[in-house]
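Participant: structure of the sequence below:
(one chain, ligands or ions: 2)
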Amino acid sequence: MTSQTSSRLVVVSNRLPLGDNPSGGLVVALEDALGASGGVWIGFSGQPSEAPADHLHDHPGARFRRLSFDLSQEDHDSYYAGYSNSTLWPLCHGRADLMRIVPEYLEGYRRVAGRIADLMVPHLRQDDRIWVQDYQLFPLAAALRERGVSVPIGHFLHIPFPGPADCAALPNPSELFQWLSHYDLLGFQTRRDLGAFVQSARQLSQFQPIDRDMIRLCGRTLRAGVFPIGIDASAFIAEARQAPDEDRMRSLTGARMMIGVDRLDYSKGIPQRFRAYQMLLDTRPDLIEQVSFLQIAPPTRGEVEAYQDIREETEHLAGRINGQFATLNWTPIRFIHRPFPRAVLAGLYRQARIGLVTPLADGMNLVAKEYVAAQDVADPGVLILSRFAGAAETMTDALIVNPHDPQEMAEAMAEALAMSSVERRRRHAALLQGVIEQDVSWWSSRYLDRLRPVQ
Ligand code: ADP
Ligand code: F6P
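Facilitator: Ligands and ions are numbered 1, 2, ... in the order given. Alright, predicted model coming up:
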């Protein structure tokens, strides 16, 4: 570790954006924070490699450096596809039934944390602060401490924290809390997640509250708090206003459009959404040809079986609904498996009368915030939001639904289609205010203000 005077931020995330124009809320958030303090962003290069190496990316004039590492195929399979996305992801999203417990996954997960720690140590300075992102990297602080790193290290969890019943399904639940105890600050998206963490820690490890945000966990003192992530609202608003016409779906303008934008993940509730739409068309034949549904869902984590299954299930269901209701002039569901540039998405959100954000479990859900930011304030659309999205804790002026109940969702769709302009504007104004006030800079600066050594 070298000793220098200026304080820097070191961000570590599983994915490191390397393109010229990376989009996505998390990327923008972290670029903001790093731009302000200078520092290094460290993450996986994205491609498994037979000869893993590390690469420093320096761009002229950039306020921070990027340091990427490759992973061997074996590490990628056990750490990323395995423990991160076949064990922890289903567990944290209430799907312990999909969880795979494989000893090699856990070994690979620990091994990669050690490898990242080895890579980091020579780049660290004594006055750095380290900010670790998400569930893929829980053991990183412990691995860094083992190597003598004593600077403040924070963790932010972007996804839900599991309650005690789910945590107990881990092969060795107490290890999770041991890992977490090496951080100085644990950040959660919602009060719900902080509550789940406290309950689980109390039942499955050594835990004691000290005061409002200080805790003792496995013999160490640290802080824990709620920091709901936001979007770059002003950039999104500007992008939606400028979205070119040709990027919009002109062919849908006759029918009012509902839009869903998600990774094709079983936690997003896409089949449930399709069934609710099917129920709407079944019970309201007057809406045939009057409403269409655009679902954009690029496939993700395709090496994991549960993701292959959700792709098959959703394609099958969309095909069945289209076969049942399509007319010569109208296709009820357009199901597109492609990512789109942020400006195009912004234009599509703006054109949609309804934004459907109905996950079965979700840390926050940035699409809910993007949909609101993209609306025309004079004629806004209606957000239909699952009560299980972290966003529902603050976005209470949306139509809040239970995604497991197709009738309730179909009724919300009908209500949104019939909603008066006055009511739409009232709800939208309240939602937009929250999206603007609690934006991405608000999130990162609130978090970083608290990331300091625990006395
Ligand atoms: P998650 O992190 O689980 O994927 P979020 O809703 O919080 O869910 O964030 C998803 C991000 O990915 C949003 O910024 C959204 O705009 C972006 N995104 C989702 N689908 C697409 C797509 N098809 N094309 C481009 N960006 C997408
Ligand atoms: O928001 C949750 C999250 O897992 C992030 O950590 C991740 O960058 C994003 O979803 C996309 O997942 P993946 O990197 O596995 O494609």
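
Participant: next, work out how far apart A117 and S205 are.
Facilitator: 22 Å (CB to CB, to the nearest Å). In short, each C-beta sits where N, CA and C put it, glycine included.

Participant: also L317?
Facilitator: Taking CB to CB, one finds L317 at 41 Å from S205.

Participant: same question, A224
Facilitator: 13 Å.

Participant: so between those two, which is more surrounded?
Facilitator: A224 (21 against 18; other CB atoms under 10 Å).

Participant: which SS state does that one fall under?
Facilitator: strand (DSSP: H, G, I helix; E, B strand; the rest coil).

Participant: give the contact list for it.
Facilitator: L185, L186, G187, F188, L194, F197, V198, D213, I215 (CB atoms under 8 Å, 6 or more residues apart in numbering).

Participant: so is the helix ranked longest in the chain next to ligand 2?
Facilitator: Using DSSP state H, we find that the single longest helix of the chain is helix 305-325. No: using CB under 6 Å from any ligand atom, helix 305-325 never reaches ligand 2; the gap is at least 9.9 Å.

Participant: then stretch 61-74?
Facilitator: No: applying CB under 6 Å from any ligand atom, one finds stretch 61-74 out of contact with ligand 2, separated by at least 13.0 Å.

Participant: for the stretch 201-350 of the chain, what spans make up the helices?
Facilitator: 233-242, 270-283, 305-325, 342-351 (DSSP state H, counting those that start in this stretch).

Participant: can you say which of the ones you listed is nearest to ligand 1?
Facilitator: helix 342-351 (5.5 Å; CB to the nearest ligand atom).

Participant: got a list of contacts for the helix or strand following that closest one?
Facilitator: Sequence order places strand 354-357 as the next helix or strand after helix 342-351, per DSSP states H and E. The contact list for strand 354-357, computed with CB under 8 Å, 6+ apart, reads 256-260, 273, 293, 349, 365, 367-368, 371-372, 381-386, 389, 391, 398, 413, 416-417.

Participant: buried ones among those residues?
Facilitator: Those of those that meet the buried threshold are 256-260, 273, 293, 349, 365, 367-368, 371-372, 381-386, 389, 391, 398, 413, 416-417, by 16 or more other CB atoms under 10 Å.

Participant: point out the least confident one among the contacts of A224.
Facilitator: Within those, D213 has the lowest pLDDT, namely 92.

Participant: what sits against the closest residue to ligand 2 within the stretch 201-350 of the chain?
Facilitator: Across the stretch 201-350 of the chain, the shortest distance to ligand 2 (CB to the nearest ligand atom) belongs to T300, at 5.0 Å. Contact analysis of T300 by CB under 8 Å, 6+ apart lists R263, L264, D265, Y307.

Participant: how does this structure divide into domains?
Facilitator: 8-230+440-450, 247-437 (automatic domain parsing).

Participant: quick one: is the last one near ligand 1?
Facilitator: Yes: for a cut-off given as CB under 6 Å from any ligand atom, domain 247-437 has contacts with ligand 1, namely 261-263, 296, 298, 339-340, 345, 364-367, 370.

Participant: low-confidence stretches in this structure?
Facilitator: Along the chain, segments meeting pLDDT under 70 span 1-6, 19-26, 28, 244-254, 455.

Participant: not counting residues beside it along the chain, what's closest to M279?
Facilitator: A410 (4.2 Å; CB to CB, 6 or more residues apart in numbering).

Participant: F274 is in contact with that neighbour, correct?
Facilitator: No: look at A410 against F274 with CB atoms under 8 Å: they stay out of range, at 11.4 Å.

Participant: hmm, back to that, and the helices of the stretch 201-350 of the chain as a markdown table, adding distance to G148?
Facilitator: A markdown table is the format used below for the helices of the stretch 201-350 of the chain (distance: least, CB to CB, whole Å):
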| stretch | distance to G148 |
| --- | --- |
| helix 233-242 | 40 |
| helix 270-283 | 46 |
| helix 305-325 | 39 |
| helix 342-351 | 41 |
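
Participant: wait, which of those helices is closest to L451?
Facilitator: helix 233-242 (23.3 Å; CB to CB).

Participant: show me how far that closest one is from its chain's centre.
Facilitator: 20 Å (CA atoms, centre = their mean, to the nearest Å).

Participant: what do you get for stretch 68-76?
Facilitator: Worked out by CA atoms, centre = their mean, stretch 68-76 lies 22 Å from the chain centre.

Participant: do the same with stretch 129-145
Facilitator: 18 Å.

Participant: distance between the ends of that stretch?
Facilitator: 13 Å (CA to CA, to the nearest Å).

Participant: same check, this time on stretch 214-232
Facilitator: 30 Å.

Participant: determine which two of the residues of domain 247-437 next to ligand 1 are furthest apart.
Facilitator: F340 and M364 (20.6 Å).

Participant: ok, those two, which is more surrounded?
Facilitator: M364 (26 against 16).

Participant: pretty sure that one sits in a helix.
Facilitator: No: checked against three-state DSSP, M364 lies outside a helix; its state is coil.

Participant: tell me who's in contact with the closest residue to it other than its chain neighbours.
Facilitator: Excluding the flanking residues, the one nearest M364 by CB to CB, 6+ apart is G390, at 4.1 Å. By CB under 8 Å, 6+ apart, the contact list for G390 reads P160, Q189, T190, R192, D193, P228, D362, G363, M364, N365.
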